[in-house]
Each structure stands twice: as structure tokens, then as C-alpha cells.
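Colleague: okay, sequence plus prediction incoming.
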Amino acid sequence: SYLFHAIFPKKRFTIPEFSPAKHKSTQKTKINKTIWQTNYSNKVT
């Protein structure tokens, strides 16, 4: 990670407004698996 930031110090990533699950579980659980992410910006370093 440090090498990446040393090579690309100004590189930023954009978090999409919606992204479907990469891995869908088939198991039923009592705990809801929804993750809410809030941030002031959709730009990530």
C-alpha cells in the first residue's frame, strides 16, 4: 500500500452509490447483514 501511494500520490477512487454483494450467502442468520456506509465524500484515498 505504501508503494502504491508513493507511485500515485494523487490517485483517488470513487465509491459507487450502489454496488450489489460480491458474495451472496445462502445461510439464514438472525443478524441482518446490511452494512450502511456514510461519509462526507465518495472519494477514497
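Modeller: Now that the structure is in, tell me what you want to look at. Residues are numbered from 1 along each chain as shown.

Colleague: roughly how far apart are the residue most central in space within the chain and I31?
Modeller: In the chain, the centroid-proximal residue (Cα atoms, centre = their mean) is I15; its distance is 6.4 Å. According to Cβ to Cβ, to the nearest Å, I15 and I31 sit 24 Å apart. Placement of C-beta: from N, CA and C, glycine included.

Colleague: show me where this structure has helices.
Modeller: According to DSSP state H, the chain carries its helices in the segments 2-7.

Colleague: flag the shaky bits of it, pLDDT-wise.
Modeller: By pLDDT under 70, the low-scoring segments of the chain are 38-45.

Colleague: neighbours of T14, just the number please.
Modeller: T14 is flanked by 9 other residues according to other Cβ atoms under 10 Å.

Colleague: partners of it in the sheet?
Modeller: K43 (DSSP bridges).

Colleague: distance of it from K28?
Modeller: T14 is 34 Å from K28, by Cβ to Cβ.

Colleague: before we move on, what about F8?
Modeller: 42 Å.

Colleague: what does K10 give?
Modeller: 45 Å.

Colleague: repeat for I35
Modeller: 18 Å.
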